[in-house]
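Trainee: Let me see the structure of the following:
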Amino acid sequence: MTRKITDLPMTFTPDAGGPAPKTQGASPAGRVAPDIDLAATKTDGLGCHAGKDKLKAAAAQAGKSETLERYAKDYPTGPHDQPQSMCPAFGSLRVGLRMRRTATVLSGSACCVYGLTFTSHFYGARRTVGYVPFNSETLVTGKLFEDIREAVHELADPELYDTVVVTNLCVPTASGVPLQLLPKEINGVRIIGIDVPGFGVPTHAEAKDVLAGAMLNYARTEAEQGPVASPRGGASEAPTVTLLGEMFPADPVTLAALLQPLGLATGPTVPTREWRELYAALDCAAVAAIHPFYTASVREFDAAGRPVVGSAPVGVDGTAAWLETIGKACNVAEKQIDAAKAQFLPATRAALASAPIDGRITLSGYEGSELIVARLLIESGADVRYVGTACPRTLWSDPDREWLESRGVAVTYRASLEDDLAAFAEFQPDLAIGTTPVVQKAKERAVPALYFTNLISARPLMGPAGAGSLGQVVNAALGNKARFAEMDDFFAGVGTGHAAGIWEELPVEPAAPARPVAKPQAAKPLKAQSAKEAGAC
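Mentor: From the prediction side, this is the model:
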């Protein structure tokens, strides 16, 4: 009989980890061969150039309808079909590459794999990315699936890995490569196959949720079947709060301090850094959806009977509301909640006052934390007029949206570059915080700008520690307005008109037109002047 996690305490084994227990799964001998479209072998197959609509239609026809329908529900589009962002698969790839004892394999066009591999190493990955190449024939005959299955069997070494993650990119997804037919485990190593097509997952941020949700689902099933590996540092004595969403490393430390007066502790952060942390993440009192778009992950926590709380402890209002909501979700006494507020709210207020921000700001990004950053900027004194996020509106972002809109801030979900630039043009900010093209456009207009991902979202944001963290970088950028104006004046006209392009030869200034030479005139006789006429003294 299958038991739900909510029905019993999580049972941990005292071992030090290692491979997964044996679970049911199709053996190589018992695999089911996929249906083959023989007519398609006579063509070059469906390539990336076919366009999103054709790829989506082909994927549905090839048996991926259920996957696409789930993605459409989890990650709804609109008002724009897809924000301008990097390849979504980068998000799930990054999650796998950050996990211990996890092998990552990509199945997709070589150009896509090259780009994703380059980007992952640019962002600090120090691990090999596996790749199963294909051509039109192997794709449509089912040989690609056989090649993937063979590669997974070769990789599944329990001495090296707990998990092997295989990801279908656009073309294999559109062609119906059935990763769901891979064994669930090989030699005790878990096998997870996911589809992350650009025509089905809108942003790389949501692709993180695709893999995190698949892993939580697998781990929840294991926990319901029997004892699982204990956390590396042992199980927490206090009830824990799982943190949902990638955060600056200092934030979990700050959150732990905020939770301590409530008798709570921080659990793992999802996406996790190793498989065994998934069990501890599920074994929590509540989930803090710091990044509110992890819909598939929330579904697994719901199935495990865990309450999910939105927003984050940013600024005075955000910290007070978050402590109240978390406390109630974990059945903490009102007296303890009030004591925690009394401890942290004055310190947060003082930190905000120590680094005030005076300036008009527009803000946009694709990380999912844009709304809570905007809240912190406003409580720091900034005049924030617009917040755009590439992520969708969800139940767990509503507290932040309502807070911002009550202060006259325009909040746009699934914002496009055109939305962000229109807001920049309308509100004429003193500082633009946004994606690379927004920053570029702002600087072309001699307006200071900061890249959201590297310069803003990578800073501590929570509680007293995060309250003054934005002041220094934002005020330094605002102070550069005069320098921008000076540079704009100095370089005025460069790169436009005759000053644009590349000169093949040294330009020669045209000679000035010749001036007419005046004809000499005969000298006139001088008239004698008296001393009085000459002005003599």
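
Trainee: Now the phi/psi pair for residue 380, please.
Mentor: Backbone geometry at residue 380, expressed as degrees, to the nearest 10, gives phi -80, psi 0.

Trainee: so the closest residue in space to it that isn't next to it in sequence, which of the three states?
Mentor: Nearest residue to residue 380 in three dimensions, chain neighbours excluded: residue 357, at 4.4 Å (C-beta to C-beta, 6 or more residues apart in numbering). C-beta here means a position set from N, CA and C on the backbone, and glycine is covered the same way. Recorded secondary structure, residue 357: coil (DSSP: H, G, I helix; E, B strand; the rest coil).

Trainee: For residue 383, see how far away residue 357 is.
Mentor: Applying C-beta to C-beta, to the nearest Å, the value for residue 357 to residue 383 is 9 Å.

Trainee: What of residue 297?
Mentor: Going from residue 297 to residue 383 by C-beta to C-beta gives 35 Å.

Trainee: do the same with residue 426
Mentor: Distance from residue 426 to residue 383, counting by C-beta to C-beta: 14 Å.

Trainee: Please export the C-alpha coordinates of the helix or strand hosting residue 318 as CSV.
Mentor: Following DSSP states H and E, one finds residue 318 within helix 315-329. Extracted as CSV, the C-alpha positions of helix 315-329 are listed here (Å, rounded to 0.1, in the frame of the first residue of the first chain):
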residue,chain,number,x,y,z
GLY,A,315,11.5,45.7,4.2
VAL,A,316,9.4,46.4,7.3
ASP,A,317,6.0,45.6,5.8
GLY,A,318,7.2,42.4,4.1
THR,A,319,9.0,41.1,7.1
ALA,A,320,6.0,41.7,9.4
ALA,A,321,3.6,40.0,7.0
TRP,A,322,5.9,37.1,6.3
LEU,A,323,6.5,36.3,10.0
GLU,A,324,2.8,36.4,10.6
THR,A,325,2.0,34.1,7.7
ILE,A,326,4.8,31.6,8.3
GLY,A,327,3.9,31.6,12.0
LYS,A,328,0.3,30.8,11.4
ALA,A,329,1.1,28.1,8.8
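
Trainee: Output the contacting helices and strands for that helix.
Mentor: Under the contact criterion of 3 or more C-beta pairs under 8 Å, 6 or more residues apart in numbering; DSSP states H and E, helix 315-329 touches helix 250-259, strand 286-288, strand 308-309, helix 334-354, helix 370-379, helix 398-405.

Trainee: between it and helix 334-354, how many degrees?
Mentor: Per axes from the mean of the first three to the mean of the last three C-alpha atoms, to 10 degrees, the angle that helix 315-329 makes with helix 334-354 is 160 degrees.

Trainee: Now tell me what touches helix 315-329 from outside.
Mentor: Here helix 315-329 makes contact (C-beta atoms under 8 Å, 6 or more residues apart in numbering) with 241, 258-259, 262, 264, 285-286, 288, 307, 309-313, 332, 334, 336-337, 340-341, 344-345, 348-349, 352, 372, 375-376, 378-380, 399-400, 403, 462-463, 467.

Trainee: Same question for stretch 390-399.
Mentor: For stretch 390-399, the external contacting residues (C-beta under 8 Å, 6+ apart) are 75-77, 83, 85, 202-203, 205-206, 289, 292-293, 295, 298, 308-311, 321, 365-366, 368, 370-371, 401, 413-415.

Trainee: Buried by neighbour count, from the residues you listed: which ones?
Mentor: Using 16 or more other C-beta atoms under 10 Å as the burial test, those include 75, 83, 85, 202-203, 205-206, 289, 292-293, 295, 298, 308-311, 321, 365-366, 368, 370-371, 401, 413-415 as buried.

Trainee: List the contacts of the residue lying closest to residue 231 once chain neighbours are set aside.
Mentor: Once flanking residues are discounted, residue 231 sits nearest to residue 280: 4.3 Å by C-beta to C-beta, 6+ apart. By C-beta under 8 Å, 6+ apart, the residues touching residue 280 are 10, 231, 235, 236, 240, 267, 268.

Trainee: Surely residue 340 touches residue 257?
Mentor: No - using C-beta atoms under 8 Å, residue 340 is not in contact with residue 257; the gap is 9.9 Å.

Trainee: Could you tell me how many residues sit around the residue lying closest to residue 129 once chain neighbours are set aside?
Mentor: Among residues not flanking residue 129 along the chain, residue 117 sits closest, at 4.8 Å (C-beta to C-beta, 6+ apart). Neighbourhood size, residue 117 [other C-beta atoms under 10 Å]: 18.

Trainee: and residue 117, what helix or strand is that in?
Mentor: Using DSSP H and E, residue 117 sits in helix 110-122.

Trainee: thinking again about what came up before, report pLDDT for the residue nearest to residue 231.
Mentor: Model confidence at residue 280, expressed as pLDDT, equals 95.

Trainee: Also the one 5 residues further on?
Mentor: Per-residue pLDDT puts residue 285 at 97.

Trainee: Could I get the contacting residues of it?
Mentor: Counted by C-beta under 8 Å, 6+ apart, residue 285 has contacts 239, 240, 241, 264, 306, 329, 330.

Trainee: I'd like to know how far the fourth one sits from residue 108.
Mentor: Between residue 264 and residue 108 the distance, using C-beta to C-beta, works out to 42 Å.

Trainee: Kindly report the same for the second one.
Mentor: In this structure, residue 240 and residue 108 are separated by 37 Å, where distance is defined by C-beta to C-beta.

Trainee: and if you look at residue 175?
Mentor: 11 Å.

Trainee: more neighbours, residue 426 and residue 383?
Mentor: residue 383 (17 against 12).

Trainee: Tell me if I'm right that that one and residue 361 touch.
Mentor: Yes - if you go by C-beta under 8 Å, residue 383 and residue 361 touch, sitting 6.8 Å apart.

Trainee: Out of the contacts of residue 285, which is nearest to residue 224?
Mentor: residue 306 (13.8 Å; C-beta to C-beta).

Trainee: Mind telling me what element that closest one is part of?
Mentor: Counting by DSSP H and E, no helix or strand carries residue 306.
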